[in-house]
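K.L.:
What follows is a predicted protein model with its sequence.
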Amino acid sequence: MRSRHALALATFIALSACATRPDPADPDAVAEFEQNNDPLEPANRVSYAVHDAIDQAVLEPAARGYRYVVPEPVRLSIRNVLANLRTPVVLLNDLLQGEGERARITLGRFMVNSTLGIAGILDVSEDWGVPGHVEDFGQTLAVWGVGEGPFLFIPILGPSNPRDLAGTAVDFASDPLTYFGQGAVVDALSLTRTGLTVLDVREGLIATVTPVREGSLDPYATFRSGYRQRRNAAIRNQDAQRGQAQSTGTGVSRGLGLSVPLR
Amino acid sequence: MIVSRRTFLLGTAGLGLAAAIGPAQAEIDPARATAFIEAAGRDLVAQLNSTSGTVAQRRERVAAVLRRAIDIEGTGRFILGRYWRQASEAEQRQYLQLFDEIIIRNLSARFGEYQGVRFTVGRTQQRSEEDVLVTTQVDRPNSASFALDWRVAEVGGQPKVVDVIAEGTSMRLTTRSEYSSVIQRNGGQVGALLSAMQQQITQLASREGR
């Protein structure tokens, strides 16, 4: 009896969390509803409010502290190392997308930066005119023809959709460093990497998120539109040719999806 | 006979579509678009970097450059989208005026951040028959350089900016999403957007000169 009540309640919540479809007699409204691709908007807005509260209380202050305490050249080196560590995942996805030339660039950069660049601290390849790029399994799925599904806003991870969320999980699982070694030292290193990744991504987003939060009449709508546009540009490989730590697969996932000034 | 009739029908449909999209846009020459962005960008950068006069005077000089370069009316109408037709004539006028002011004040509220700005024009791509994308890179001291792409179309015989794309994000599309969301969440009232825009201008104005 009780479980039936719970079920009814859950159904009610799930239904009330859906946006109402506009009147089919209004084709403009229907077109807009479909273009927004956000049938779960009411629930997503709640998630956004939760995310925003966590971000303002924890993530953003942490990122500002990181910017304040760590000098810029060191932050850049950290960004380079993190990007270099992501090579296996980027390479795998270059290959899965059939991008031979980009895969060759990814591999070449890894070999140069890991050696001459001292374990990835220096981006020697970029100085030689071979900038890096990012790829992830969400993009690979898109290249394979998988649709994005409805827009999702997930606290801490940020804007996403079922395809990109699945991609993030696969990226994590396909990262060899996820399985490398064991013991306290390895755990500490991997925790450090995750922590630095979150700080690095969020620090890079300060210049993007703050103006939207302060200036947009509806930040949620701005982030939603920005995320989908940026993802589509990235899928077509039209992203600026220097996406380093921007797509990290953990922490503040793909950030808030707007422009991430790098360097 | 049938073919010519079909062509005629297609032609009329095409004309209707062009009329629906807005002021007829002619084909644009990429070289002309690039030269236009180079000149407009140089003017804008010069005004942003000149510190003579009061903030209000500087704002007016920047406004003059922006109004010459941007198709404010066309872009504003595109952004309001389906609500343009629902708005009364007075609302349309007020909307365009507020939109114009927001564009200008967004820059004038950040004069300090743009001190020492430089830009370089990159390649130009023909995007469609009507518009061309001119890529630029913007550099500011002590901050990351970023890519800004300018969509240029011929409007009334003059090349004009119809969209700005920052690192893959079209301002026109993002703002359209933002504005329509404000209207929708306020019971479909265009007036609600207008008062929100008014508030935003007040906020931007209070930041000016800080």
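P.N.:
Yep, it's here.
K.L.:
Give me the phi and psi for residue 131.
P.N.:
I went with chain A, as the question did not name one. The phi/psi pair for A:P131 (degrees, to the nearest 10) reads phi -70, psi 160.
K.L.:
you looked at the wrong chain, it should be chain B
P.N.:
Torsion angles at B:D131 (phi, psi; degrees, to the nearest 10) stand at phi -140, psi 160.
K.L.:
what's the answer for B:W150, then?
P.N.:
phi -110, psi 120.
K.L.:
and the stretch 1-150 of chain A, which residues reach chain B?
P.N.:
A:D28, A:A29, A:E32, A:N36 (Cβ under 8 Å from any Cβ of the partner chain). For every residue, glycine as well, the C-beta is placed using N, CA and C.
K.L.:
Any idea how many residues pack against residue 118?
P.N.:
Assuming you mean chain A. A count of neighbours around A:I118, defined by other Cβ atoms under 10 Å in any protein chain shown, yields 13.
K.L.:
my bad, the chain I had in mind was chain B
P.N.:
So B:R118, with other Cβ under 10 Å, has 13 neighbours.
K.L.:
what sits against the residue lying closest to it once chain neighbours are set aside?
P.N.:
In this structure, B:R118 finds its nearest non-sequential neighbour in B:D139, 4.7 Å apart by Cβ to Cβ, 6 or more residues apart in numbering or on different chains. Neighbouring residues of B:D139 by Cβ atoms under 8 Å, 6 or more residues apart in numbering or on different chains: B:V117, B:R118, B:F119, B:T120, B:S145.
K.L.:
Can you check the pLDDT for the second one?
P.N.:
When you say that, I think you mean B:R118. As predicted, B:R118 sits at a pLDDT of 87.
K.L.:
any low-confidence regions in chain B?
P.N.:
B:1-26, B:209-210 (pLDDT under 70).
K.L.:
what are the ranges of the strands in it?
P.N.:
B:25-26, B:118-126, B:131-140, B:143-155, B:158-166, B:169-170 (DSSP state E).
K.L.:
These: which one's closest to A:Q182?
P.N.:
strand B:143-155 (38.0 Å; Cβ to Cβ).
K.L.:
Give me the buried stretch members for stretch A:48-67, please.
P.N.:
A:Y48, A:H51, A:D52, A:D55, A:L59, A:E60, A:A62, A:A63, A:Y66, A:R67 (16 or more other Cβ atoms under 10 Å in any protein chain shown).
K.L.:
same check, this time on stretch B:132-143
P.N.:
Buried residues in stretch B:132-143, counted by 16+ other Cβ under 10 Å: B:V132, B:L133, B:V134, B:T135, B:T136, B:V138, B:R140.
K.L.:
quick one: the closest residue in space to B:A205 that isn't next to it in sequence and chain A, what's the gap?
P.N.:
Once flanking residues are discounted, B:A205 sits nearest to B:R105: 6.3 Å by Cβ to Cβ, 6+ apart. According to Cβ to the nearest Cβ, to the nearest Å, B:R105 and chain A sit 10 Å apart.
K.L.:
so who does B:R105 touch?
P.N.:
When contacts are taken as Cβ under 8 Å, 6+ apart, B:R105 is in contact with B:R59, B:I201, B:L204, B:A205, B:E208.
K.L.:
A:A184: which of these is nearest?
P.N.:
When these are compared against A:A184 (criterion: Cβ to Cβ), the nearest one is B:L204, at 52.3 Å.
K.L.:
mind listing the helices in the stretch 101-250 of chain A by residue range?
P.N.:
Ranges of helices in the stretch 101-250 of chain A, per DSSP state H, counting those that start in this stretch, are A:124-127, A:137-143, A:162-174, A:184-215, A:219-235.
K.L.:
Turn those helices into a markdown table, including mean neighbour count.
P.N.:
Shown next, in a markdown table, are the helices of the stretch 101-250 of chain A (neighbours: other Cβ atoms under 10 Å in any protein chain shown):
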| stretch | mean neighbour count |
| --- | --- |
| helix A:124-127 | 18 |
| helix A:137-143 | 23 |
| helix A:162-174 | 18 |
| helix A:184-215 | 17 |
| helix A:219-235 | 23 |
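K.L.:
In a markdown table: these, plus mean pLDDT.
P.N.:
Output for the helices of the stretch 101-250 of chain A, formatted as a markdown table (pLDDT from 0 to 100):
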| stretch | mean pLDDT |
| --- | --- |
| helix A:124-127 | 90 |
| helix A:137-143 | 95 |
| helix A:162-174 | 93 |
| helix A:184-215 | 89 |
| helix A:219-235 | 92 |
